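**Student:** This is a predicted model, with the sequence first.
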Amino acid sequence: MTAPYSDRALEALMAERILNERRRHRDTPFDLRPLYRATLADLHIRRFEEDYLPGALDPEALAANDRTTEERLAAARMILSVEDPVPTVVGVLALGRTPQDFLPGAYIQFLRIEGAELASPIRDEARCTGDVRKQLERLILKLDAHNRTSVDITSGPREIRRHFHAPDALRQIAYNAVMHRTYEGTNAPVRVTWFDDRVEIISPGGAYGAVTAEEFGRPGLADYRNPSLAEAMRVLGIVQRFGVGIGIARDALRRNDQPDPVFEVQSHCVRCVLRARPDGAEGGT
């Protein structure tokens, strides 16, 4: 009778397996690589069947689809394969129960600073965790809660209401930060810091592919560090079209009488600065 493997031997076998898979997947986008510590139990299978699939397939195709759940997960790239049902990075980000157990930096850190410098007092903070949709939903609740509205009753026959920060601009830049950030080789979260006079959104990872630092934010120019995550966010209803988020943000800022966004592209991160309307800075109040 063969003796069972020792714990050390099992660890060595697992390490060899992971190394072999990394070699095999080294040309694969990181969001499609397997996370071998995760299992199917770490995914919300019911959410996949009741929420994700209806967004991915039209009702007729969904009704005619007689594949197993594992086959559907594999087709959606949420697991590696039917034979090797290991959740992928995109599977954990889109459907994971606790994605941060496997990708520690996959969350959004929100801070509301009472002032214009990081050393100023912190008025509010939140660590937005969960899958990508939950992260963004929690962030948007914070953004909406801190946004103020001015009312102009003198410029015309109807009152004009404007936010100090255009909500659509805040959302689109946040969506972009989560979609295009790097999840590989870093434990840094997306950081959203709301100062009295501006909001700064920092996304780990610099420019990618066809989008150089010099051309970052140029209309119609897009590339995808995480193409499967981008598709999953579309299916989940977070984004509708690819490559237009910054354009939507610029239009929203213009309608709200705010300056254009300023992008600072470095090798390790992208910082976006959204200045409040001239009459929208809070001045510490």
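**Tutor:** Cool, got the structure.
**Student:** just checking, Val82 touches Glu71?
**Tutor:** Yes - taking contact to mean Cβ atoms under 8 Å, the distance of 5.6 Å between Val82 and Glu71 places them in contact. Any C-beta I mention is one placed from the backbone N, CA and C, and that applies to glycine too.
**Student:** Show me where the stretch 101-250 of the chain has its strands.
**Tutor:** The residue ranges that make up the strands of the stretch 101-250 of the chain, judged by DSSP state E, counting those that start in this stretch, are 108-113, 122-128, 149-152, 160-163, 190-194, 198-204.
**Student:** Figure out which of those strands is closest to Pro34.
**Tutor:** strand 198-204 (21.3 Å; Cβ to Cβ).
**Student:** what angle sits between the closest one and strand 190-194?
**Tutor:** Calculated by axes from the mean of the first three to the mean of the last three Cα atoms, to 10 degrees, strand 198-204 forms an angle of 170 degrees with strand 190-194.
**Student:** Measure how far strand 198-204 is from the centre of its chain, please.
**Tutor:** Taking Cα atoms, centre = their mean, to the nearest Å, the mean C-alpha location of strand 198-204 is offset from the chain mean by 13 Å.
**Student:** In contact with Ala166, which residues?
**Tutor:** Contact partners of Ala166, counting by Cβ atoms under 8 Å, 6 or more residues apart in numbering, are 249, 252-253, 255-256, 258.
**Student:** okay, the residues you listed in JSON lines with secondary structure, distance to Gly209 and pLDDT next?
**Tutor:** Compiled in JSON lines, the contacts of Ala166 are given as follows (DSSP: H, G, I helix; E, B strand; the rest coil; distance: Cβ to Cβ, whole Å; pLDDT from 0 to 100):
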{"residue": "Ala249", "secondary structure": "helix", "distance to Gly209": "21", "pLDDT": "95"}
{"residue": "Ala252", "secondary structure": "helix", "distance to Gly209": "26", "pLDDT": "96"}
{"residue": "Leu253", "secondary structure": "helix", "distance to Gly209": "26", "pLDDT": "96"}
{"residue": "Arg255", "secondary structure": "helix", "distance to Gly209": "31", "pLDDT": "94"}
{"residue": "Asn256", "secondary structure": "coil", "distance to Gly209": "31", "pLDDT": "94"}
{"residue": "Gln258", "secondary structure": "coil", "distance to Gly209": "29", "pLDDT": "95"}
